[in-house]
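Novice: whatever this is, show me its structure:
(2 chains)
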Protein chains: 2
Amino acid sequence: MSEIVIGVDPGSRFTGYGIVRLDGSEPVYLGSGCIRTGNGSLASKLKIIYDGITTLVEQFKPVSMAIEETFLSKNVQSTVKLSEARASAIVAGANLGLAVFEYTPMQIKQAVVGYGWAEKTQVQYMVKNILHLKGEPQSDAADGLACALCHCFTHQSTVAMGKEVANTSSIHGRLQNKIK
Amino acid sequence: MSEIVIGVDPGSRFTGYGIVRLDGSEPVYLGSGCIRTGNGSLASKLKIIYDGITTLVEQFKPVSMAIEETFLSKNVQSTVKLSEARASAIVAGANLGLAVFEYTPMQIKQAVVGYGWAEKTQVQYMVKNILHLKGEPQSDAADGLACALCHCFTHQSTVAMGKEVANTSSIHGRLQNKIK
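Specialist: Presented below is the predicted three-dimensional model:
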C-alpha cells in the first residue's frame, strides 16, 4: 500500500501542513511548512488558505486529507476564526477530490506521542524521530505532520478512530434557484 | 450606476441567497432561493455551498457579495457550523473575484425594516414590498435578499456601515513550502 496524505493544522494566521507517503506501514516525509495568511481581510485570508492547499495538492497529489478538529476555545471569536480557516482548507481538499478525515487534538497526540495530553515540544520531537528528520520541524509544520501521521497509524487499523467527513465521489449539489 | 449584488444568509443546512441589481438607487429582483446541503459529511456540505454559490455567480455575474456575520449562539457547536458554512460561501465568492462585505443581522434588519430587532416575518414582508414581488419569499431566500438590499442601501451612502472583508485584486498567497 502506498498512499500520500496531507495533514492540516488550520489557523486563521498560520495553517501548518505536512505531507507523508505511507509505504506499507512506513511513513515517509515528503514536505511540510506553514501557510501564512497575512494581515488582509477575512476573505483574503480564506483565499490564501484555499490557494495554498490547492497548490500543495497539485504538487504532491495526496489522496487523503487529515485535519484537526476545531478546538472549542473559551474565546468564541477564536473558535469562529479557527472554524473559518478549517472550512476553507476542507473545501479546497473536497474540490480536488480528496477524502477528508477529522481527528481531535487528543487523538493526534495519542497516535504520535502515545499520550493525549502531550506538550507541543513532545509532538515536534516524536515527529522528527518517526520521520527520521535531521531537525525538529517548526511548530505549525510539526502539527500538520502529526495530523498526517495520526491518519497513517490509525486509518490502517480502523476507520472508526478517525471520523471520515467526506467521500467526494458521492457529492451532488442541491441547488434551488427560483427566478421571478 | 448598475451593480449586481448576491446576498447570502449562510447555514450548515440551508444557505439562503438573493440576487439584486441596483439600477441607480432602485433595487431590482433577479433571483432568490436556498442551497440545501443534505445529510452528507461536513466536507460534502461545504462543497455543496461552494458549488451553489459558484453556479449562481456564473449565472448572474454579481460584482459584490453581501453576507451575514456569524451570529454568536450560546451553542458553540451551532456557531462552529455556521462559521464553516459562511467561510465556504466567502471563499467561493473570493475565488470568483467578488468583493465581499459583511453585515450584522441588526444592520440588515435596520436597513430593510427600519428596526434592528425586527421579526423574520417583518423582513419577509418588507423584502416583498421593496422588490415588488407577487408573494413573500421563503424565509431563507428573504434573508438572502435582505442582505443584498442592506448592501444596496448602505454601501451607496457609506462603505463604513458595511465592513469590507475582501478586495480580491489585492490577494497574494504567501505559501512556505519546505522540502527536506
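
Novice: make it CA atoms for all contacts and neighbour counts henceforth
Specialist: Will do.

Novice: so which strand or helix has A:His155?
Specialist: helix A:139-157 (DSSP states H and E).

Novice: which residues sit against that helix?
Specialist: The contact list for helix A:139-157 (Cα atoms under 8 Å, 6 or more residues apart in numbering or on different chains) reads A:5-9, A:14-20, A:22, A:27, A:32-34, A:65-68, A:101, A:103, A:107-109, A:111-112, A:120-121, A:123-124, A:127, A:136, A:161-162.

Novice: quick check: mean pLDDT of it?
Specialist: For helix A:139-157, mean pLDDT rounds to 91.

Novice: list the buried residues for that helix?
Specialist: A:139-155 (16 or more other Cα atoms under 10 Å in any protein chain shown).

Novice: hey, where'd the strands end up in chain A?
Specialist: Along chain A, counting by DSSP state E, strands occupy A:2-9, A:14-23, A:26-36, A:64-68, A:99-103, A:163-164.

Novice: and the second one with strand A:64-68, angle?
Specialist: Put plainly, it is strand A:14-23. Per axes from the mean of the first three to the mean of the last three Cα atoms, to 10 degrees, the angle that strand A:14-23 makes with strand A:64-68 is 140 degrees.

Novice: what stretches of chain A score poorly on pLDDT?
Specialist: By pLDDT under 70, the low-scoring segments of chain A are A:1, A:156-180.

Novice: any idea how far the closest residue to A:Thr104 other than its chain neighbours lies from A:Glu84?
Specialist: Spatial nearest neighbour of A:Thr104, excluding adjacent residues (Cα to Cα, 6 or more residues apart in numbering or on different chains): A:Glu69 at 5.1 Å. To A:Glu84, A:Glu69 is 12 Å away according to Cα to Cα, to the nearest Å.

Novice: out of the two, which sits in the more crowded spot?
Specialist: Legend: neighbour count by other Cα atoms under 10 Å in any protein chain shown for A:Glu69 and A:Glu84, higher for A:Glu84 (31 against 19).

Novice: wait, A:Ile35 touches A:Gly16, no?
Specialist: Yes. At 6.3 Å, A:Ile35 counts as touching A:Gly16 under the criterion of Cα atoms under 8 Å.

Novice: ok, now which ones touch the residue nearest to A:Thr104?
Specialist: Counting by Cα under 8 Å, 6+ apart, A:Glu69 touches A:Glu102, A:Tyr103, A:Thr104, A:Pro105.

Novice: ok, those residues vs B:Asp51, which is closest?
Specialist: For the contacts of A:Glu69, the closest approach to B:Asp51 (Cα to Cα) belongs to A:Glu102, at 21.9 Å.

Novice: give me the neighbour count for the residue lying closest to the closest one once chain neighbours are set aside.
Specialist: Leaving aside its sequence neighbours, A:Glu102 sits nearest to A:Ile67 (Cα to Cα, 6+ apart; 5.0 Å). A:Ile67 is flanked by 29 other residues according to other Cα under 10 Å.

Novice: ok, now which ones touch A:Ile67?
Specialist: Residues counted as contacts of A:Ile67 (Cα under 8 Å, 6+ apart) are A:7-10, A:86, A:90, A:100-103, A:144, A:147-148.

Novice: can you put those in JSON lines and add distance to B:Lys45?
Specialist: Below are those laid out as JSON lines (distance: Cα to Cα, whole Å):
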{"residue": "A:Gly7", "distance to B:Lys45": "21"}
{"residue": "A:Val8", "distance to B:Lys45": "19"}
{"residue": "A:Asp9", "distance to B:Lys45": "21"}
{"residue": "A:Pro10", "distance to B:Lys45": "19"}
{"residue": "A:Arg86", "distance to B:Lys45": "14"}
{"residue": "A:Ile90", "distance to B:Lys45": "10"}
{"residue": "A:Val100", "distance to B:Lys45": "12"}
{"residue": "A:Phe101", "distance to B:Lys45": "14"}
{"residue": "A:Glu102", "distance to B:Lys45": "15"}
{"residue": "A:Tyr103", "distance to B:Lys45": "18"}
{"residue": "A:Gly144", "distance to B:Lys45": "24"}
{"residue": "A:Cys147", "distance to B:Lys45": "22"}
{"residue": "A:Ala148", "distance to B:Lys45": "23"}
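
Novice: how about those, which pair is most distant?
Specialist: A:Arg86 and A:Ala148 (15.3 Å).

Novice: mind listing what the residue nearest to A:Lys128 when sequence neighbours are not counted touches?
Specialist: Leaving aside its chain neighbours, A:Lys128 sits nearest to A:Glu136 (5.3 Å; criterion: Cα to Cα, 6+ apart). Contact analysis of A:Glu136 by Cα under 8 Å, 6+ apart lists A:Gln124, A:Tyr125, A:Val127, A:Lys128, A:Ala142.

Novice: and A:Glu84, by the same measure?
Specialist: Contacts of A:Glu84 (Cα under 8 Å, 6+ apart): A:Ser12, A:Leu46, B:Ser83, B:Glu84, B:Arg86, B:Ala87, B:Ser88.

Novice: and the residues you listed as TSV, adding distance to B:Tyr50?
Specialist: Shown next, in TSV, are these (distance: Cα to Cα, whole Å):
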residue	distance to B:Tyr50
A:Ser12	19
A:Leu46	13
B:Ser83	14
B:Glu84	11
B:Arg86	10
B:Ala87	9
B:Ser88	6
